[in-house]
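J.: give the three-dimensional model of this entry:
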Amino acid sequence: MGILNINDLKPGMVLDQPVRNKQGMLLLDKGSKLAKKHIMIFKAWGVTETNIKGFDRDQLEAEETKAVPVEIRKSVEADLKAYFVDFGHNDVMKEIFRIARKFMIKGELTRNKQGKNEPNRDLQHNK
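T.: Sure, this is the predicted structure:
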């Protein structure tokens, strides 16, 4: 079981717990297989995360980064570490770092697909 952010949900995943809106209304029961329409309904009702069978954030991130070239991942992490000091056991800062890394990698991959092979240095501070 793992709690995933609504933006990390994919069709075919199976709920490990029922999903309820903020008022407690059942949106989808435990054991249901997610479809695209379910994810859209969750977003419409303000659901931000849910428990998924067999997944956790670390596992999902590892799967997503398999296709990312090592040089892009290392470049993005180096850029981010300039802004994130050692956050030790601070789970909030770890999550912010994870999300920032995910979006920056996505941006770099998009730039590479558009034929712009140079890294995006918009966030890099003066050294």
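
J.: show me this protein divided up by domain.
T.: Taking automatic domain parsing as the reference, the chain has its domains at 2-52, 67-113.

J.: mind checking how far the first one is from the chain centre?
T.: Here domain 2-52 shows a centroid-to-chain-centroid distance of 15 Å under the convention C-alpha atoms, centre = their mean, to the nearest Å.

J.: equivalent analysis for stretch 93-111, please.
T.: Averaging C-alpha positions (C-alpha atoms, centre = their mean) puts stretch 93-111 8 Å from its chain's average.

J.: mean confidence for it?
T.: In this model, stretch 93-111 has a mean pLDDT of 83.

J.: and if you look at stretch 44-54?
T.: Taken as a whole, stretch 44-54 carries a mean pLDDT of 92.

J.: what comes up buried for that stretch?
T.: Val47, Glu49, Thr50, Asn51, Ile52 (16 or more other C-beta atoms under 10 Å). All C-beta atoms are positioned from the backbone trio N, CA, C, and that covers glycine.

J.: surely the first one and Leu27 touch.
T.: Which is Val47. Yes - with contact defined as C-beta atoms under 8 Å, Val47 reaches Leu27; the gap is 7.0 Å.

J.: so who does Gln114 touch?
T.: If you count contacts by C-beta atoms under 8 Å, 6 or more residues apart in numbering, Gln114 has none.
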